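Engineer: Here's my sequence, what's the structure:
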Amino acid sequence: MTNPIYRFECGSLSHSGCVRDHNEDRMLAAPDKGLWVVADGMGGHFGGDIAAQIVVDQSATVQRAITAPDLQARFEERILRANDEIRAHSARNDDAMIGATLAAVLVHDDSFAAIWCGDSRVYLLREGRLHQVTRDHTEAQELLDQGTITAEQAANWPRKNVITRAIGVQEDIQLDHEFGSLQDRDIFLLCSDGLTGHIDDHEIADALKGRSAQAACDLLVQMTLDRGATDNVTVVAVRCGLKTLVTGQGADSAVWKG
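Structural biologist: Here you go, the predicted structure:
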């Protein structure tokens, strides 16, 4: 399937970092399906990398969708399958805590959906301004939302990397969604927390401006490595461009299921 309205230029890069002995991150870029995914595994030698790979492998089986809700339904059904498969792997390993975060962007015609679970993120650079589309599922973010701690305290919270949601950890999964319409020259960035632990938002914006999708990914990962890369780091960039000038009203976010 090719998008009749938009063309996509994609870039991606993943690195184990400077401290970890192996890479538990996985990624998928499938512009022909309108689907991009980053998964960050947790579970160490019990199989964090396996959990992330299961998420990506299941996502890759999504086939051609007729509508935006169809694409969303197909994708979320695969994530449910991934959840069950990861839990089965955990059961075979003495019920070890194994799971993976999820950050995904789905595009159908001129509408998009961001779907996530955990602290991997989706950013959108639009008209020169960077927006964090996702909201971290972390202990620190929950305390910040409750007003218990300040933004400054959250940035330095000793348990700031403790996530409150992940694929494969519980029998029922809870995904968050954000829906919208594409605009010409939009740029999405999907990343694991190995990037955002070292790189500020304004630096992400600067890296995305005036570079190809792959060059932006290369730069962001290199910057992370230069700063010690204490975790695996994975980035996927997607530049969106109109194929032709489209008249009339853009797609409404209501075409997606809330």
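
Engineer: going forward, measure contacts and count neighbours with C-alpha atoms only.
Structural biologist: Noted.

Engineer: can you map out the strands along this protein?
Structural biologist: 6-15, 25-30, 35-42, 99-100, 102-108, 111-117, 121-126, 129-132, 176-181, 187-191, 233-242 (DSSP state E).

Engineer: Indicate which one of those strands is closest to A68.
Structural biologist: For the strands of the chain, the distance to A68 is smallest for strand 102-108, at 5.4 Å, taking Cα to Cα.

Engineer: So what are the sheet partners of the closest one and their directions?
Structural biologist: strand 35-42 (antiparallel), strand 111-117 (antiparallel) (DSSP bridges).

Engineer: Mean neighbour count and mean pLDDT added to the ones you listed, as TSV?
Structural biologist: Listed next are the strands paired with strand 102-108 as TSV, based on neighbours: other Cα atoms under 10 Å; pLDDT from 0 to 100:
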stretch	mean neighbour count	mean pLDDT
strand 35-42	28	97
strand 111-117	25	98
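
Engineer: For D200, which of those is the nearest?
Structural biologist: Here strand 35-42 is closest among the strands paired with strand 102-108 (Cα to Cα), at 18.9 Å.

Engineer: what does that closest one contact?
Structural biologist: Residues outside strand 35-42 that contact it (Cα atoms under 8 Å, 6 or more residues apart in numbering) are 24-30, 47-53, 55-56, 59, 97-107, 120, 190-192, 234-236.

Engineer: what about 7 Å?
Structural biologist: Residues from elsewhere that reach strand 35-42 (Cα atoms under 7 Å, 6 or more residues apart in numbering): 24-30, 48-49, 51-52, 55, 98-107, 190-192.

Engineer: how about the helices in the stretch 51-200 of the chain?
Structural biologist: Under the criterion DSSP state H, counting those that start in this stretch, the stretch 51-200 of the chain contains helices at 68-91, 139-145, 151-155, 193-196.

Engineer: what's the most buried one of those?
Structural biologist: A comparison of the helices of the stretch 51-200 of the chain by mean neighbour count, using mean count of other Cα atoms under 10 Å, puts helix 193-196 on top with a mean of 22.

Engineer: buried sites along stretch 126-140?
Structural biologist: R126, L130, V133, T134, R135, D136, H137, T138, E139, A140 (16 or more other Cα atoms under 10 Å).

Engineer: Show me the contact partners of that stretch.
Structural biologist: 117-119, 121-125, 154, 157, 159-165, 186-187, 205.

Engineer: List the contacts of D21.
Structural biologist: No contacts exist for D21 under Cα under 7 Å, 6+ apart.

Engineer: on that earlier part again, now render the strands paired with strand 102-108 as JSON lines, adding distance to S16.
Structural biologist: Putting those into JSON lines (distance: least, Cα to Cα, whole Å) gives the following:
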{"stretch": "strand 35-42", "distance to S16": "11"}
{"stretch": "strand 111-117", "distance to S16": "21"}
